[in-house]
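Novice: Fold the following and give me the result.
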Amino acid sequence: MDETEQWRNMASAPRDGSRILVTVRSSEQGPAEVDMAYWSRADQFGEEGWRASDSSPGRVVEYAEPELRCWMPLPTAGRGSMPSPWEGEDVPLVDGEGI
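Specialist: A predicted model of the protein is given here:
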């Protein structure tokens, strides 16, 4: 599997506003799923934190840190399908990841 197509620990996720894929943990609202999200600074529409990429002014979808299990960069153009959510144990940090 290509290095860019592997799930990574959320502690190493970019907080620069770039869009990434995230695994949203399963909950009483439904099973685990993959969403596109980005880190957002606080603004008039919400606090600093993870937001779904389809948020719009006045309709912000925010994720609390514990809701997100892991992340991966967006796939390259032309990839056939969305990856499946990570269902294993939490993704460990790999040497060099994180702050």
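Novice: Now the nearest residue to W39 once chain neighbours are set aside: which helix or strand?
Specialist: The shortest distance from W39 to any non-neighbouring residue, by Cβ to Cβ, 6 or more residues apart in numbering, is to R15 (4.0 Å). The C-beta positions use only the backbone N, C-alpha and C, and glycine is treated the same way. Applying DSSP states H and E as the criterion places R15 outside every helix and strand.
Novice: Distance of R15 relative to G58?
Specialist: Distance, R15 to G58, using Cβ to Cβ, to the nearest Å: 24 Å.
Novice: Name the residue in these two with the higher neighbour count.
Specialist: R15 (13 against 7; other Cβ atoms under 10 Å).
Novice: Now do the phi/psi pair for that one.
Specialist: phi -120, psi 40 (degrees, to the nearest 10).
Novice: got the phi/psi numbers for the residue most central in space within the chain?
Specialist: With distances taken as Cα atoms, centre = their mean, the residue of the chain nearest its centroid is V22 (2.5 Å). Main-chain torsions, V22, degrees, to the nearest 10: phi -130, psi 150.
Novice: Provide the partner residues of it in its beta bridges.
Specialist: D35, W71 (DSSP bridges).
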